[in-house]
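> what follows is a predicted protein model with its sequence.
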2 protein chains.
Amino acid sequence: MSARPVDHESTPRMSTTASVDAASELLRRVIDLGVRFKLQPDIFRDRLPPERIRDLLVSDLPRERCTLDVVLELFEQVVLPLCKNEASPRFLGFGDTGDDPAALVGGLLALFTQQNLINQSFDSPSATFVEIAVLRWLRDLLGYDNPPVSDIRTVWDVGGVITHGGTSSNATAMMLAREHKAPDTMRAGVRDPSQFGVIVPRGIGHYSIKSALTWIGVGNQAIEVDTRAFRYDLAALERAVHRHRGQVMAVVAYAGDSRTQTVEHLRQVHDVIRAADPAVWLHVDACWGLVAAFSDRLRHRIDGIAEFDSVTVDPHKVMAVPYSLSALLVRDPASLRAVSSYSDLIMQEDYAFGQVTPFIGTKGWLSLKLWMMMLAHGRTGLAALAEERVGKAHRFAALLDEHPRLLRLHDPDLAAVAFVYLPTDIRREPPVPEHHIARINTVNQRIHDRMLTEGTWHLHQFSLPDDHARLRAGSTLYPLRFMANNPRTDDQHMAEVIDYVTKLGGEIEGEIR
Amino acid sequence: MSARPVDHESTPRMSTTASVDAASELLRRVIDLGVRFKLQPDIFRDRLPPERIRDLLVSDLPRERCTLDVVLELFEQVVLPLCKNEASPRFLGFGDTGDDPAALVGGLLALFTQQNLINQSFDSPSATFVEIAVLRWLRDLLGYDNPPVSDIRTVWDVGGVITHGGTSSNATAMMLAREHKAPDTMRAGVRDPSQFGVIVPRGIGHYSIKSALTWIGVGNQAIEVDTRAFRYDLAALERAVHRHRGQVMAVVAYAGDSRTQTVEHLRQVHDVIRAADPAVWLHVDACWGLVAAFSDRLRHRIDGIAEFDSVTVDPHKVMAVPYSLSALLVRDPASLRAVSSYSDLIMQEDYAFGQVTPFIGTKGWLSLKLWMMMLAHGRTGLAALAEERVGKAHRFAALLDEHPRLLRLHDPDLAAVAFVYLPTDIRREPPVPEHHIARINTVNQRIHDRMLTEGTWHLHQFSLPDDHARLRAGSTLYPLRFMANNPRTDDQHMAEVIDYVTKLGGEIEGEIR
């Protein structure tokens, strides 16, 4: 990596008319570069092993200045071809496309306006209320009550905070649970970690909950409860809450777990827990399940969610909003007081969000992306978006079902469909013997490895209990996962990726036989 | 707020050539809007009380879709005129201008490329190494050793992480201190909060340290030690570490505190603490002081920084990088293992940053802004930037010193200059009587209130011990603070803001007499 030295005057600064025109012209070229990148059909234009990329890109900071044109050329020639394009219609692993035009416009304007949500009066006079509007829209979709607008007199009347991601939102939820269980722990510290148990579903929880417990000082307090068909076994849940009476601060349920996106039977979980222990903090991770709230046809799946004390949502996952944007919403807005900070470096003013955002001080205008996206779509557009995705997931499931070598591992609730390739000699009649399970896993892990290396298609992979006993109850599988979130992915792509997986599976079967 | 309903087809999606062209054209218009906003001379085009803005902006999500043109018009007409423009040459409170052209280009490209730094192989193949390069440049500037490039085999060889802000970086530093003091607290939880004391300088610390302690479960463990001239009283520091022997996990020093930006005598603090207790974690908050590392002429101010175990830096504060971007750097790269997370939802791969970023899961390409900014300036340009600011602060200090009614409260180390307006009848001979201090504070607080309301100029205000005894030793003052970070602020602006403050001061003096 070399940087051509240039003289002082050519370093762009927005201080003269000429330099402003030059900067604006350059920024417009950058927009075109960005749009072209998102629209390229490929996931990757170039693949290299990490050490090669390291040796290309990691070097000392040059002594001399470098024109912005040269920096941009370096980026375009060396860095960009190696970037993944998640908006490619062949990237089927997640669907964080970040390509909603209104959201991109919001992202651009947030970048240029540089509002700081830590304070309101001089730092984000209108941005604070855009953020409040968005939080109320999200609450409303989920079924949380909103107070009348005229009653919003402080940030503790809003009922939510915008954060940088689901991990951060979940960590704040766990802090709320900690303070709810043992008020004043913020000041006094943790003394008896064993009282801060958190019930999570075995094998399908997201690491952010367990990690949050290690960060907030209560240690490894996760209590795993058995599942059936990727939801809590309600009898086991009830037993667990009784067995650990007095030692449980929270129960976490998934409205769309991060593997199969199965939506918990939220009302039943709520009823079981509330009957056993009214004091436990009930948290829903709805990072994926938020979409069900968009549509009258899908909302029944998250029935009961508004009875929970807090809900994490992750618009960058499901609303094509560029990274990153999450929200933690709370049933009782005032509950956020328990985790608030005070300082005269944050304004002691009613609308200063910096008082209620743990782990965050200065915060950019993340919510503008979402405000623009939601206004552009309206409730009607959001409903259409949700239904289109779920419909596409069902069509993919149907393609799997008619394929002799592919086996679907669950009934899709939302946009995810997890499945395995079955070697030719293995029959899909459970229980499949253990050594066959091992071979199925080997083949599917190799399919995924090869897919990553080739970089033409992308499906995700993780460990998954065989919770529907489609192959062998109690076994752990390594499936491939399709996600229907990308609007550019069509039925042709779905057919093609199935052919691709089948071809790889056949080749690998031959190699390991 | 009303949204004109439109038909389905007019909702922009990047799926057809026509819609892509339309989206690109719109995005270019948005760039022009953003650039015009940054260049407007005013801080605010419009001022309204918060409740009026609330009533304008907080309403239900419309049912129907809305064209992006309409959304943008709503933004431009209603939201934008109320936004603060921190790049205005009259915004002298902080200097988070976010107007470096290379950084803006980097921000745009991060928005469009949507890399996710949680993983490397498929999520951010090149972005991970851009981030590593930036972290090494920052380390190098501060004087931390970097291993040879070929020795970077994992994220635990890098020696730092990019976070969303100084608050997050400081919270991670406090977790490192906690694990260093009591290894395995991540798993076992906190049991004896009293062993996790943290020494901070009295009255000038940043709330993020105290808040971090409440978040990570050790409670209110700050031990405040007296200061002199905004630095630790070294004898008091030594006494404190002896008095609390065995109960101190960290000492925090400020390379530029968040009020006067006085830089601690870091080597002396290090020597005092290391002699008394070699096990204490030494942390520097260099959110402001990073600039001293840019210049050979200023670097002596942070002498000793590389002996500390961790350093927080905040490029969005001092490098004109749009929100938000901070880094936590650690002397021993492997120390980050103590706060790592493991999950098979994060790739178990060597270069997955998601394993070492507490409170953060998915993370956008924040570091691209800084990579482009640093390449465009080079070491030479960064040095010029730092020296220009410090020079401007000294010129402002000289203007204060020749003014009969203004009193500077410290000798500026970096870009900040805190001062008070003195009512006509108060002589600047310490000790000033207490009732005069009260009146000085009243006048300066009213000056600040009026300045906020009028919105033409901006200086910051906070509580400050009179640590140089310029008025009365032991008193708490409410000064005004000038910051020399904005390249558009020139000597004319400095003279004008002094006139403005003097005029307000005179008026308010008359009103309260």
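Good, I have the coordinates.

> contacts and neighbour counts: CA atoms only from here.
Fine.

> and the helices in chain A?
In chain A, the helices defined using DSSP state H lie at A:17-39, A:50-57, A:68-74, A:101-113, A:127-142, A:166-181, A:185-188, A:207-215, A:234-243, A:266-276, A:315-318, A:367-401, A:434-454, A:491-512.

> can I get the ones you listed in CSV including distance to chain B?
Shown next, in CSV, are the helices of chain A (distance: least, C-alpha to the nearest C-alpha, whole Å):
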stretch, distance to chain B
helix A:17-39, 5
helix A:50-57, 6
helix A:68-74, 6
helix A:101-113, 5
helix A:127-142, 5
helix A:166-181, 5
helix A:185-188, 4
helix A:207-215, 4
helix A:234-243, 21
helix A:266-276, 24
helix A:315-318, 9
helix A:367-401, 4
helix A:434-454, 7
helix A:491-512, 15
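
> ok, residue A:131 - how many residues close by?
25 (other C-alpha atoms under 10 Å in any protein chain shown).

> which one is it nearest to, not counting chain neighbours?
When the adjacent residues along the chain are set aside, residue A:131 lies closest to residue A:367, with 5.5 Å between them (C-alpha to C-alpha, 6 or more residues apart in numbering or on different chains).

> OK, contacts around the one you found?
By C-alpha atoms under 8 Å, 6 or more residues apart in numbering or on different chains, residue A:367 lies in contact with A:130-131, A:134, A:162, A:325.

> can you list the domain ranges for chain A.
Annotated domains of chain A cover A:8-85, A:384-512 [automatic domain parsing].

> residue B:498 is nearest to which of these?
domain A:8-85 (23.0 Å; C-alpha to C-alpha).

> returning to that earlier point: what about the residue nearest to residue A:131, distance to residue A:383?
Residue A:367 sits 20 Å away from residue A:383, going by C-alpha to C-alpha, to the nearest Å.

> same deal with residue A:90?
With C-alpha to C-alpha as the criterion, residue A:90 and residue A:383 are 24 Å apart.

> how about residue A:45?
Distance, residue A:45 to residue A:383, using C-alpha to C-alpha: 34 Å.

> count of neighbours near residue A:150?
Residue A:150 has 10 neighbouring residues, counting by other C-alpha under 10 Å.

> ok, now how distant is it from residue B:62?
Taken as C-alpha to C-alpha, the span from residue A:150 to residue B:62 is 19 Å.

> check residue A:298 too.
19 Å.

> circling back: more neighbours, residue A:90 and residue A:383?
Each of residue A:90 and residue A:383 has its neighbours counted (other C-alpha under 10 Å); residue A:90 has more, 24 against 20.

> excluding sequence neighbours, find me the nearest residue to the more buried one.
The spatially closest residue to residue A:90, leaving aside those adjacent along the chain, is residue A:457, at 5.1 Å (C-alpha to C-alpha, 6+ apart).

> residue contacts, the one you found?
A:43, A:90-92, A:451, A:497.

> out of those, who has the most neighbours?
Neighbour counts for the contacts of residue A:457, by other C-alpha under 10 Å, peak at residue A:91, which reaches 31 neighbours.

> I'd like the distance between the residue nearest to that residue when sequence neighbours are not counted and residue B:133.
Spatial nearest neighbour of residue A:91, chain neighbours left out: residue A:458 (4.7 Å); criterion: C-alpha to C-alpha, 6+ apart. In this view, residue A:458 and residue B:133 are 27 Å apart by C-alpha to C-alpha.

> which one of the two is surrounded by more residues?
residue A:458 (25 against 22).

> tell me what angle the worst-scoring helix or strand of chain A on mean pLDDT forms with helix B:17-39.
Lowest mean confidence among the helices and strands of chain A (mean pLDDT, DSSP states H and E): helix A:17-39, at a mean of 87. Helix A:17-39 and helix B:17-39 are oriented at 150 degrees to each other (axes from the mean of the first three to the mean of the last three C-alpha atoms, to 10 degrees).

> give me the contacts around helix A:17-39.
A:12-14, A:85-88, A:99, B:14, B:24, B:27-28, B:31-32, B:35, B:101, B:105, B:108-109, B:112-113.

> now the residue of the stretch 401-513 of chain A found nearest chain B: closest residue in space that isn't a chain neighbour?
Closest approach between the stretch 401-513 of chain A and chain B, counting by C-alpha to the nearest C-alpha: residue A:462, at 6.1 Å. Distances taken as C-alpha to C-alpha, 6+ apart put residue A:478 closest to residue A:462, at 5.7 Å, once the chain neighbours are dropped.

> how many neighbours does that neighbour have?
Neighbours of residue A:478 under the rule other C-alpha under 10 Å: 24.

> can you get me a residue count around residue A:506?
Residue A:506, neighbours per other C-alpha under 10 Å, totals 18.

> how about it, what does it touch?
residue A:423.

> that older thread, nearest to residue B:302, of the contacts of residue A:457?
Nearest to residue B:302 among the contacts of residue A:457 is residue A:43, at 45.0 Å by C-alpha to C-alpha.

> quick one: the closest one and residue B:20, what's the gap?
Distance from residue A:43 to residue B:20, by C-alpha to C-alpha: 19 Å.

> kindly report the same for residue A:20.
27 Å.

> and stretch A:448-459, how far out from the chain's middle?
When C-alpha coordinates are averaged (C-alpha atoms, centre = their mean, to the nearest Å), stretch A:448-459 and its chain have centres 21 Å apart.

> can you check stretch A:257-274 too?
Chain-centre distance of stretch A:257-274: 18 Å, with C-alpha atoms, centre = their mean.
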